[in-house]
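[1] Sequence and predicted structure are below.
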Amino acid sequence: MKWKINIRKEMTVAVVLIGVSFLVAFSERRLDGNVCRNIVIEIDNIQENHFLDEADVSKLVEGSGVAVKGSSLERINLKEIENKLMYDKHIAEAQLFGDLKGNLIVNVELRRPVARIVQQDAPDAYIAEDGVIMPMSEKYTSRVLLLSGAYMKKLLESQDLSKTEEGKSILEMIAFINGDKFWKAQIAQIDINGEGKAVLYPEVSGQKIEFGKPEKVTVKFEKLMLFYKRIIPQRGWTKYSRVNLEYEGQIIAE
């Protein structure tokens, strides 16, 4: 068997590989010798939730305990700073990288609040879309669904609703309400007692809606819609002060 070797082709490939290796090595040397001169903050905030601004994030970076400005970009422990940034519950993700101009690029994604926990004997807090409980901010107030009641202490102890089955059920109910234009406009507050049973307070009508535990959410809201469409038009908005959806196949109105 005869082998034919295209020497010109092989040499071309070798030159290209050497060139790529040289560029990578050159870039690494440039980055290694490049001192961080500036911190550039990029905030991913499509929901316009202004809990943190660029100055806040910059302070978190500079106060992370890691020397940044004046240090070689190659020697800065970016992962350590990312982890420290994410101690702030308003931040969902943090990514840092350096460029050849001496900039440390800090990209952070903020969490989106979906509900607000209100308490008489403790500070309020927000529930984020992923279930994480966030502290209030002096800079920004988000207009979201209100949650109250004795069960709030359990939620605050967990610090993350996605960690428990009860918390997941509450998140599901919040997501259902926020995902429907009518219910989002109609339901103003949910009060959850120590047993985990919810009472809904609507924005327009004066009825107290006894929802029971936050389970079979879709079915219960379908029953409530029947109440609004069929009973209210005949009886009027002020006829009933209490609506119970807790029992399967029944709507109790008094």
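    In hand now; what should we look at?

[2] In the stretch 51-200 of the chain, what residue spans correspond to strands?
    Using DSSP state E, counting those that start in this stretch, the strands found in the stretch 51-200 of the chain span residues 91-98, 103-110, 113-117, 125-128, 133-135, 145-148, 187-192, 198-202.

[3] Tell me the strands beside the fourth one, with direction?
    Pointing back at strand 125-128 there. Strand 125-128 has these partner strands in its sheet, going by DSSP bridges: strand 113-117 (antiparallel), strand 133-135 (antiparallel).

[4] Only alpha carbons, please: show that strand as CSV.
    In CSV, the C-alpha atoms belonging to strand 125-128 read as follows (Å, rounded to 0.1, in the frame of the first residue of the first chain):
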residue,chain,number,x,y,z
ALA,A,125,-40.0,40.8,53.1
TYR,A,126,-40.4,39.8,49.4
ILE,A,127,-40.9,36.4,47.9
ALA,A,128,-38.9,36.0,44.7
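
[5] picking that back up, looking at the strands paired with strand 125-128, which one is packed in the most?
    Greatest average neighbour count among these goes to strand 113-117 (a mean of 23), per mean count of other C-beta atoms under 10 Å. For every residue, glycine as well, the C-beta is placed using N, CA and C.

[6] How about residues contacting that strand?
    Identification of contacts with strand 113-117 by C-beta atoms under 8 Å, 6 or more residues apart in numbering yields 49, 124-129, 133-134, 142, 144-148, 152, 155-156, 174-175, 178, 190.

[7] Just the buried subset of those, please.
    Among those, those classed as buried by neighbour count (16 or more other C-beta atoms under 10 Å) are 49, 125-129, 133-134, 142, 144-148, 152, 155, 174, 178, 190.

[8] Need the strands of the stretch 51-200 of the chain in TSV (columns: distance to Arg230 and mean pLDDT).
    Shown next, in TSV, are these (distance: least, C-beta to C-beta, whole Å; pLDDT from 0 to 100):
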stretch	distance to Arg230	mean pLDDT
strand 91-98	43	92
strand 103-110	43	92
strand 113-117	30	96
strand 125-128	33	96
strand 133-135	39	95
strand 145-148	26	96
strand 187-192	19	96
strand 198-202	17	95
